[in-house]
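Visitor: with the sequence up front, the predicted model follows.
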Amino acid sequence: MTTQAAPPGWYPNPNNPAAFLWWDGTRWAPPPPSVPLPPLMPPVPVPSAQTPPPTQGLPAPPTAAQAPVPVPAEPHRRLFGGKRELEEEVARLNVVIASYGVPERDALQREIAQLRAELPGLQAEQTELNSAVVPLRAEVASLGAEKQQLEALRAEVASLRSQRDALVAETTQLRELQGESAGLRAELIELQSQVVETRETAILQEVGVYEYRHPLTDAPAYKAQLAQLSDQIKAAVKAGTAVTGAQNWTVNGSAKEGARMVREFSKLMLRAYNNEADNAVRSMKPYALATSVARLTKAKETISKLGKTMSITVNEAYHVLRVTELELTADYLAKVAEQKERERAERARLREEEIAQREFERERERLRKEHAHYVEAAAQLHAKGDHEAAEQAEAKLTEIQGAIDGVDERAANIRAGHVYVISNVGAFGPEMVKIGLTRRLDPMDRVRELGDASVPFHYDLHAMVFSADAVTLETQLHQALAQWRVNLVNQRREFFRTTPTKVRDLILGYDASIITWVEEPEALEWRQSETTRREFQATPGS
């Protein structure tokens, strides 16, 4: 049997001279189906993962210049030739089978059989392990969650321990302070018994409406009573009954020297007591009367304590005289302040009345001039024969005369006037009104006067009511709103914590006619100020 040259791409296998290998240009690999097999050679076996293709001893991949020139294959022989050809074909097939590596194939088959025999056991083992792994995985997950809880509990325990340590330290400190506080409380109580509260702020916080201890009609009556009391105090000092002392005191065995010493010390103690009493009278304020009496009583007790050795003490009857002096002084000062406030109110009323009377006179004079003008005009129109114009002038005369009569009536009736309801949102807030009375011809003049420099913004008018008895109407409104009055002591302060709507309802209940009514205050200056203030605050760097 002759061997022909291999087609292009086929090269002899150095490990098996009877076989050829295919080179695809980049690596050794099985030939594609379209490539013809070399003559008398079987196809190159496909290398598997277990048996990699042999590469040791293989020649280096040939270059295009080194590749053998293909030799044309012989013509295809007839499949069923003679005996010789069949023998050659059998030999060729044996060579092909040998090239496939039958021993290796048998070894692989044995290994596969062995692996197949082991496979059921391995699968059973895998199933067993899977059944064991599932609960273990669940347990691991549970342990992981418990571990997280444990870490959180450890952190919380650490925090609680730190808090406990802080509380223990604080408790220890508090116990030490409690031990000290008992002694401090006892010391404080002792000091408080010796101290009289004289701070004016603390006294003012508890002050109420002053109540007269010795009610009299007016300030001169109190002054006369104080003069009589002063004479009694002087008489007690001269008689030596203000202070009492020991009668059996001796000095160096001498009763006379002892009596003189007691007398001198008694004068010294009395001087100290009188200085305290006189100072209390000079600095007296009605609301501080109780404090002044307490200070004078404390001075009396101190003198008795210091003069205990010689039994020196301020006579109780003399102390009552000095306390009465303090009470009368406080009453006198309160009565003087009350009379001054009443006089101030009366002066304000008279000043308002005088302004109103001047306005009435000016209006009366203006109306009289206007009346005289129309009288002359009517006479001239009658003289000209213009009776229609003359009648109009006479009608105007009647109107002017009615106005004059109205002014005269208001001037004669001092109770007639206007009751006004005003507010000042910028100064006092939205729920506070002032209810007052004016007899001016133009009541807004009074409202404008009230909004002077004493308040930051002008007042806004809510209601203006004219009444022939404006004094009674104002009094009724004040009495109805008494519980909402801001100043419960000074009745001249006519401010009330209420809304204009409530005041309007009260006015309508008294059958009074409201000339002007404004529900919402204009408060122009305050609103403009608030807008400007917001702009300032919104501007950076302001």
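Guide: Structure received.

Visitor: how about the helices of the protein, start to end?
Guide: Remark: helices assigned in the chain by DSSP state H are 83-99, 102-194, 200-205, 219-239, 255-282, 289-306, 316-384, 387-412, 425-428, 444-450, 470-480, 500-509, 524-538.

Visitor: would you turn the ones you listed into CSV with mean pLDDT and distance to residue 30?
Guide: For glycine as for every other residue, the C-beta is placed from the backbone atoms N, C-alpha and C. CSV is the format used below for these (pLDDT from 0 to 100; distance: least, CB to CB, whole Å):
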stretch, mean pLDDT, distance to residue 30
helix 83-99, 71, 13
helix 102-194, 82, 16
helix 200-205, 52, 113
helix 219-239, 88, 139
helix 255-282, 88, 132
helix 289-306, 89, 124
helix 316-384, 83, 129
helix 387-412, 78, 135
helix 425-428, 92, 104
helix 444-450, 88, 118
helix 470-480, 90, 120
helix 500-509, 90, 108
helix 524-538, 88, 86
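
Visitor: may I see those organised as TSV, with distance to residue 458 and mean neighbour count added?
Guide: Below are those laid out as TSV (distance: least, CB to CB, whole Å; neighbours: other CB atoms under 10 Å):
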stretch	distance to residue 458	mean neighbour count
helix 83-99	124	13
helix 102-194	52	10
helix 200-205	32	11
helix 219-239	39	14
helix 255-282	44	16
helix 289-306	42	17
helix 316-384	19	15
helix 387-412	27	14
helix 425-428	9	18
helix 444-450	7	16
helix 470-480	22	17
helix 500-509	16	16
helix 524-538	6	11
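
Visitor: could you dump these into TSV and include distance to residue 6?
Guide: Shown next, in TSV, are the helices of the chain (distance: least, CB to CB, whole Å):
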stretch	distance to residue 6
helix 83-99	14
helix 102-194	23
helix 200-205	126
helix 219-239	151
helix 255-282	144
helix 289-306	136
helix 316-384	141
helix 387-412	147
helix 425-428	116
helix 444-450	130
helix 470-480	133
helix 500-509	121
helix 524-538	97
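
Visitor: nearest to residue 32, of those helices?
Guide: Each of those has some distance to residue 32 by CB to CB; the shortest is helix 83-99, at 18.9 Å.

Visitor: so which of the helices of the chain comes closest to residue 457?
Guide: Closest of the helices of the chain to residue 457 is helix 425-428, at 3.9 Å (criterion: CB to CB).

Visitor: could you say what helices and strands the closest one packs with?
Guide: When contacts are defined as 3 or more CB pairs under 8 Å, 6 or more residues apart in numbering; DSSP states H and E, helix 425-428 sits against helix 524-538.

Visitor: what does the helix it packs on contact?
Guide: With CB atoms under 8 Å, 6 or more residues apart in numbering as the contact definition, helix 524-538 has outside contacts at 425-426, 457-458, 542.

Visitor: now those as JSON lines including distance to residue 255?
Guide: Below are the contacts of helix 524-538 laid out as JSON lines (distance: CB to CB, whole Å):
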{"residue": "425", "distance to residue 255": "82"}
{"residue": "426", "distance to residue 255": "81"}
{"residue": "457", "distance to residue 255": "81"}
{"residue": "458", "distance to residue 255": "83"}
{"residue": "542", "distance to residue 255": "87"}
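
Visitor: farthest pair within those residues?
Guide: 458 and 542 (26.9 Å).

Visitor: so which of those two has more stuff around it?
Guide: Between residue 458 and residue 542, residue 458 has the larger neighbour count (other CB atoms under 10 Å), namely 20 against 7.

Visitor: re earlier: so which of the contacts of helix 524-538 is the closest to residue 504?
Guide: Nearest to residue 504 among the contacts of helix 524-538, counting by CB to CB, is residue 425 at 17.1 Å.

Visitor: identify the residue nearest the closest one in space, chain neighbours excluded?
Guide: residue 523 (4.6 Å; CB to CB, 6 or more residues apart in numbering).

Visitor: check contacts around the nearest residue to residue 269 once chain neighbours are set aside.
Guide: The shortest distance from residue 269 to any non-neighbouring residue, by CB to CB, 6+ apart, is to residue 303 (4.7 Å). Contact partners of residue 303, counting by CB under 8 Å, 6+ apart, are 269, 272-273, 312-314.

Visitor: now do the same contact list for residue 486.
Guide: Residue 486 makes contacts with 432, 493, 495-497, as judged by CB under 8 Å, 6+ apart.

Visitor: picking up where we left off before, and the gap between the residue nearest to residue 269 and residue 403?
Guide: Noted for residue 303: a distance of 78 Å to residue 403, by CB to CB, to the nearest Å.

Visitor: how about residue 126?
Guide: Taking CB to CB, one finds residue 126 at 123 Å from residue 403.

Visitor: what do you get for residue 180?
Guide: Distance, residue 180 to residue 403, by CB to CB: 86 Å.

Visitor: residue 172 now?
Guide: Using CB to CB, residue 172 is found at 91 Å from residue 403.

Visitor: ok, now residue 248?
Guide: Applying CB to CB, the value for residue 248 to residue 403 is 95 Å.

Visitor: tell me which residue is most central in the chain.
Guide: Among the residues of the chain, the one closest to the centroid is residue 537, at 18.3 Å (CA atoms, centre = their mean).

Visitor: phi, psi for the closest residue to residue 359 other than its chain neighbours please.
Guide: Nearest residue to residue 359, sequence neighbours excluded (CB to CB, 6+ apart): residue 441, at 4.6 Å. The phi and psi values for residue 441, taken as degrees, to the nearest 10, are phi -70, psi -40.

Visitor: tell me the contacts of residue 441?
Guide: 356, 359-360, 363, 407, 410.

Visitor: want to throw these into TSV with distance to residue 165?
Guide: As requested, those are exported to TSV (distance: CB to CB, whole Å):
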residue	distance to residue 165
356	82
359	84
360	88
363	89
407	90
410	86
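
Visitor: please identify which of these is nearest to residue 282.
Guide: For these, the nearest to residue 282 is residue 356 (44.0 Å; CB to CB).

Visitor: which residues does the nearest residue to that closest one once chain neighbours are set aside contact?
Guide: In space, and not counting its chain neighbours, residue 356 is closest to residue 439: 4.0 Å by CB to CB, 6+ apart. The contact partners of residue 439, taken as CB under 8 Å, 6+ apart, are 352-353, 356, 410, 414, 416-418, 470.

Visitor: tell me the pLDDT of residue 439.
Guide: Residue 439 is assigned 83 on the pLDDT scale.

Visitor: and it, its phi and psi?
Guide: phi -110, psi 10.

Visitor: now stretch 313-329, how far from the chain's geometric center?
Guide: Stretch 313-329 sits 54 Å away from the centroid of its parent chain (CA atoms, centre = their mean, to the nearest Å).

Visitor: contacts made by that stretch with the rest, please.
Guide: 213-214, 222, 225-226, 229-230, 232-233, 236, 241-245, 269-270, 273-274, 277, 280-281, 284, 289, 292-293, 296-297, 300, 303-304, 307.

Visitor: now stretch 459-476
Guide: Residues from elsewhere that reach stretch 459-476 (CB under 8 Å, 6+ apart): 413, 415-425, 433-437, 439, 443-444, 447, 450-451, 500, 503-504, 506-507, 510, 512-519, 521-523.

Visitor: mind checking which of those are buried?
Guide: Buried by 16 or more other CB atoms under 10 Å: 416-425, 433-437, 439, 443, 447, 450-451, 500, 503-504, 506-507, 512, 521, 523, out of those.
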